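Trainee: structural data only, the sequence is not supplied:
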C-alpha cells in the first residue's frame with residue numbers, strides 16, 4: 001500500500017497488515033501516523049490525496065468560521081481514533097485559495113472523502129461526532145479495497 005508521509009509528503013510502500021505497527025517514513029524517519037490532522041497545501045496535495053492509497057477525509061475551513069472552529073475538536077478526535085484506517089487533512093481556504101477554487105468550495109466547513117484522488121463523498125456543514133462517524137461509516141463502504 002502506498003502511504004504519503006504527513007511530514008515530508010514522501011511516498012512509502014507499507015504492507016496493509018503493518019499499518020497499525022507504527023510505521024515510519026523511509027525518507028524523513030518520522031511516524032507515518034500521528035493521530036493529528038495534516039495541513040494540506042498545494043505543495044503536498046498530490047502525494048497526500050492523489051497518490052496515497054489511504055482514504056483521506058478533508059476538512060475545508062477558515063479561521064473566521066465559527067462552525068469550522070466548533071467542528072475542529074471532533075475532526076481531531078476522529079484523527080486520533082480512526083487512523084490508520086483514514087488519514088485526516090485540513091485545508092485552510094484562506095491560505096489555499098487555489099484548492100478551494102479547484103473544488104468549488106462555496107460554504108465551509110465542507111468535508112470530502114477521497115481515495116487515490118477520487119472524491120467518494122462530500123458534505124457541507126459541521127456535524128456532531130456521532131453523525132460524523134456515521135457519515136464516515138456509510139461512505140467507507142464505497143471505498144475500493146487496497147492491497
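Mentor: In hand now; what should we look at? Bear in mind that the values here come from a model prediction, so they are computed numbers and not experimental data.
Trainee: phi and psi next, for residue 76.
Mentor: phi -70, psi -40 (degrees, to the nearest 10).
Trainee: excluding its backbone neighbours, what's nearest it?
Mentor: residue 37 (6.1 Å; CB to CB, 6 or more residues apart in numbering). In short, each C-beta sits where N, CA and C put it, glycine included.
Trainee: so who does the closest residue to residue 31 other than its chain neighbours touch?
Mentor: Once flanking residues are discounted, residue 31 sits nearest to residue 24: 5.7 Å by CB to CB, 6+ apart. Neighbouring residues of residue 24 by CB atoms under 8 Å, 6 or more residues apart in numbering: 30, 31, 32.
Trainee: okay, now the last one: neighbour count?
Mentor: The tally of other residues near residue 32 (other CB atoms under 10 Å) stands at 22.
Trainee: quick one: it from residue 100, how far?
Mentor: 27 Å (CB to CB, to the nearest Å).
Trainee: ok so, going back, any chance of CSV for the contacts of residue 24, columns secondary structure and distance to residue 70?
Mentor: Formatted as CSV, those follow (DSSP: H, G, I helix; E, B strand; the rest coil; distance: CB to CB, whole Å):
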residue, secondary structure, distance to residue 70
30, coil, 30
31, strand, 29
32, coil, 29
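Trainee: and those residues, which is closest to residue 18?
Mentor: Here the nearest of the contacts of residue 24 to residue 18, counting by CB to CB, is residue 32; it sits at 10.1 Å.
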